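# sequence and predicted structure, then a few things I'm wondering about:
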Amino acid sequence: MKERTLTKVEFQIMSILWDLGHPACGHDILERYPEPKPTYTTIASYMRILFEKGFVEYTKREGEGKTQWYKTTISRQDYTHHTMQEVKKNFFDGSLKSMFSFFVQEEKLSADDIQEMLNEINHKQP
């Protein structure tokens, strides 16, 4: 993947594709886009950018003219993982402890909040 970050609009479009879970055309994306909706040509431009960045690929279906069907090349979970690794590396010198401490302080989490989070993590582990 050439470029590893998404702009706000690109992320919004990727979220639509991730939520759909199957290939979609520009009209499918535009239909699910929140108001105020951009023009179809704007969506098409962003799809080209996402393709150039390596976040989507497309196919054409026989008998459907020029319609391009887009699918993601990275899952939401993988993108989130990569982004959080970059945040940890770039802002916290690679320290998860420092990153966690920052968010605890920034979000003003109480000891009970932290314990609740730990309990949720422990219940998800096998």
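Cool, the structure landed. Residues are numbered from 1 along each chain as shown.

# contacts for the biggest helix by length in the chain?
Here the longest helix in the chain is taken by residue count, with DSSP state H as the criterion, and it is helix 76-92. For helix 76-92, contacts defined as C-beta atoms under 8 Å, 6 or more residues apart in numbering pick out 4-6, 14-15, 18, 74, 94-96, 98-99, 102. Yep, even glycine has a C-beta here, placed from its N, CA and C like the rest.

# residue furthest from the geometric center of the chain?
G63 (31.6 Å; C-alpha atoms, centre = their mean).

# which SS state does it fall under?
coil (DSSP: H, G, I helix; E, B strand; the rest coil).

# start the count at 753 instead of 1 going forward.
Noted, 753 is the first residue going forward, which turns the last one into G815.

# chain center to stretch 838-854, what's the gap?
On the basis of C-alpha atoms, centre = their mean, to the nearest Å, stretch 838-854 sits 20 Å off its chain's mean C-alpha point.

# got the buried residues for that stretch?
By neighbour count on 16 or more other C-beta atoms under 10 Å, the buried set for stretch 838-854 is 840, 851.

# break the protein into its domains for me.
760-824, 828-876 (automatic domain parsing).

# right, so those: which one is the most enclosed?
For the domains of the chain, the stretch with the most neighbours on average is domain 760-824, a mean of 15; neighbours defined as mean count of other C-beta atoms under 10 Å.
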